[in-house]
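Q: All I have is the shape, not the residue letters:
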């Protein structure tokens, strides 16, 4: 299921994972033509997949379908199991471009009936009707149902900074008490937006609140049940291309995040990301300071296990190969080696052990010639950031410490896991070279554990049951 999407002109939109009774449910917005339907309002419906092991999946009929005249799109929401029923809370976007909250329920998490009255909740006074969406439901310690909702003040104290997450509570799912805003995250790199698709969960002794801005996923940490929130030093789960991650529990103490990676306009490396694309799964990793990381779920790496007979060779005198390892001595230049005769889709693993003070090192993927063209996966020794093409994650590398790469190349998707705690993904499909370059610039490093295996491509899983 990793890196898959429905067939034809359909794509995966925002994902809404939910777990109950040993079943991991994945509801997602079924997108057609990259949000172009119904005059750009989306025309989305809820599709549904489920699994008990992350390997074998069952595809179900649409969980929520458009059917009423006033519904222009059924947007991102959440599932709650409450009083022996499954409840779907979802926003409905109207033809007037306003948003309001709707409710459906069912006995099994597969079939849902829309309840009346719908919508059951609209933006409170002082909040913009055009930004009232993405309800996330959970049961609080007092037994009441909490509903976190994306909202925007119409007249904030600071212009453009009214985007917030608000909270409602209920004892019966019919009457809702407005508790006010719980978070104003502010702007992100000059981009003013409301915090979309909130997700709240307890994990490893703390509480976490995730949300999207510009589709990238951010998060906050609480140690007092959500009464107050703190921002970690690196407050993102992945990079810009990984859109709208939401999470659910899986197995004993594990937590799985699901997001989507959008197609690029025109299929070009420099094309803008389009809305909707392929599924991407992550396992959430607790770090020592209470912050969160991500890694590949072991069950979902599309690896055949069959070794690639790639040829390792030195490209420069300062790249010395011995017993399958490469040692770089590049105090004032760049030294490089190549791993040639790689297939289109493969998995590459290796560990860089740099000496302190190394300026830059990493790999060139889909390479051609002798370091001529490539997609550069580089680690900055000065900032600790890792960059792949035009995408970057911050603060990953600590000077002089080993850094382990696990890289999957799957058609135009390049997905990288670093030290089983941070992931970086991009869509880069224009280059077709069959080499991977290893390099070090301005320092010394050793590369060990170099291994490449074939990858089985997953592309389409078809439309929901009953659709053609």
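A: Done, it's in. Just so you know, these numbers come straight off a predicted model, no measurement behind them.
Q: For the protein, give the strand that spans the most residues.
A: strand 435-455 (DSSP state E).
Q: Mind listing the strands it pairs with, and their directions?
A: strand 303-307 (antiparallel), strand 325-340 (antiparallel), strand 346-354 (antiparallel), strand 360-368 (antiparallel) (DSSP bridges).
Q: Now the residue positioned nearest the centre of the chain. Nearest residue, chain neighbours left out?
A: Centroid-nearest residue in the chain, with Cα atoms, centre = their mean: residue 259, separated by 3.6 Å. Among residues not flanking residue 259 along the chain, residue 245 sits closest, at 3.9 Å (Cβ to Cβ, 6 or more residues apart in numbering). Backbone N, C-alpha and C define where each C-beta goes, glycine included.
Q: and what of residue 315?
A: Residue 315 sits nearest to residue 336 (Cβ to Cβ, 6+ apart), 4.5 Å away.
Q: Buried ones in the longest strand of the chain, by neighbour count?
A: Within strand 435-455, the residues that qualify as buried are 435-447, 450, 452-455, counting by 16 or more other Cβ atoms under 10 Å.
Q: before we move on, back to that, quick one: which of the strands paired with strand 435-455 is nearest residue 265?
A: Minimum separation from residue 265 across the strands paired with strand 435-455 (Cβ to Cβ) falls at strand 360-368, 20.1 Å.
Q: Which element is encountered next along the chain beyond that closest one?
A: With elements assigned by DSSP states H and E, the helix or strand that comes after strand 360-368 is strand 373-380.
Q: what's the next helix or strand after that following strand packed up against?
A: Later in the chain than strand 373-380, the nearest helix or strand by DSSP H and E is strand 386-388. Contact analysis of strand 386-388 by 3 or more Cβ pairs under 8 Å, 6 or more residues apart in numbering; DSSP states H and E lists strand 373-380, strand 413-418, strand 422-427 as its packing neighbours.
Q: could I get the ones you listed as TSV with mean neighbour count, distance to residue 403 and mean pLDDT?
A: As requested, the helices and strands packed on strand 386-388 are exported to TSV (neighbours: other Cβ atoms under 10 Å; distance: least, Cβ to Cβ, whole Å; pLDDT from 0 to 100):
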stretch	mean neighbour count	distance to residue 403	mean pLDDT
strand 373-380	19	6	98
strand 413-418	23	6	98
strand 422-427	24	10	98
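Q: can you put those in CSV and add distance to residue 265?
A: Formatted as CSV, the helices and strands packed on strand 386-388 follow (distance: least, Cβ to Cβ, whole Å):
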stretch, distance to residue 265
strand 373-380, 18
strand 413-418, 16
strand 422-427, 11
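Q: Which one of those strands lies nearest to residue 208?
A: With Cβ to Cβ as the yardstick, what comes closest out of the helices and strands packed on strand 386-388 is strand 422-427 (16.6 Å).
Q: what stretches of the stretch 151-300 of the chain score poorly on pLDDT?
A: 188-192 (pLDDT under 70).
Q: please redo it, this time with the cut-off set to 90
A: 156-161, 186-193, 288 (pLDDT under 90).
Q: Tell me how far residue 247 lies from residue 237.
A: Here the criterion is Cβ to Cβ, to the nearest Å. By it, residue 247 lies 9 Å from residue 237.
Q: wait, what's in contact with the closest residue to residue 22 other than its chain neighbours?
A: For residue 22, ignoring the flanking residues on the chain, the nearest one in space by Cβ to Cβ, 6+ apart is residue 52 at 5.9 Å. When contacts are counted by Cβ atoms under 8 Å, 6 or more residues apart in numbering, residue 52 touches 22, 23, 24.
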